[in-house]
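Q: Pasting a predicted model and its sequence here:
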Amino acid sequence: MSNYLAKLPSSVNPMMKHDGYTKRAKIIKAMAHPSRLMMLHALGEGEMCVCDLQKLVGSDLSTVSKHLSVMKKAGLVEDRKEGLRVHYSLRVPCILGFMECVEAVLKDDRQSACCGRN
């Protein structure tokens, strides 16, 4: 095992408690639905109201609200109320960089600039 640990890249922290990886997995899990990915991508262009997000994904309001609630609890989006409307925006726009890396995997693009590695 110690030989294995010696070969780990410096960015991997084998001493991080399992809870640290569990928290990261929850964030990734919050993105793991096509409608949520679509909404995150759209929110990358700027703030949107729930009604527009509903039209975008083509689901009923309760389903869209549930998706937004999951992403808000994970810290991916934040909301702002304006009268009767609720507007959402990305809390951490850099999450779109993760999605660029996913695209690189889909294209089998090992030279992608998103990761800066070969």
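A: Happy to help now that I have it. Quick caveat, the model's predicted, so the values are computed rather than measured.
Q: check contacts around V57.
A: Listed by C-beta atoms under 8 Å, 6 or more residues apart in numbering, the contact set of V57 reads S35, M38, M39, V64, H67. In short, each C-beta sits where N, CA and C put it, glycine included.
Q: give me that answer again for 10 Å
A: H33, P34, S35, R36, L37, M38, M39, A42, T63, V64, H67 (C-beta atoms under 10 Å, 6 or more residues apart in numbering).
Q: lowest-pLDDT helix or strand in this protein?
A: helix 2-6 (a mean of 56; mean pLDDT, DSSP states H and E).
Q: Tell me which residues are up against the following helix or strand past that one.
A: Downstream of helix 2-6, the first helix or strand assigned by DSSP states H and E is helix 18-31. If you take C-beta under 10 Å, 6+ apart as the criterion, helix 18-31 is touched by 13, 16-17, 32, 36-37, 39-40, 67, 69-77, 92, 95, 98-99, 102.
Q: any low-confidence regions in the protein?
A: Residues of the chain meeting the criterion pLDDT under 70: 1-16, 109-118.
Q: Now with 80, please.
A: For the chain, residues meeting the criterion pLDDT under 80 lie at 1-19, 109-118.
Q: what are the ranges of the helices in it?
A: 2-6, 18-31, 34-43, 50-57, 61-73, 95-106 (DSSP state H).
Q: Redo those as a markdown table? Include distance to V86.
A: Shown next, in a markdown table, are those (distance: least, C-beta to C-beta, whole Å):
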| stretch | distance to V86 |
| --- | --- |
| helix 2-6 | 47 |
| helix 18-31 | 18 |
| helix 34-43 | 13 |
| helix 50-57 | 5 |
| helix 61-73 | 8 |
| helix 95-106 | 20 |
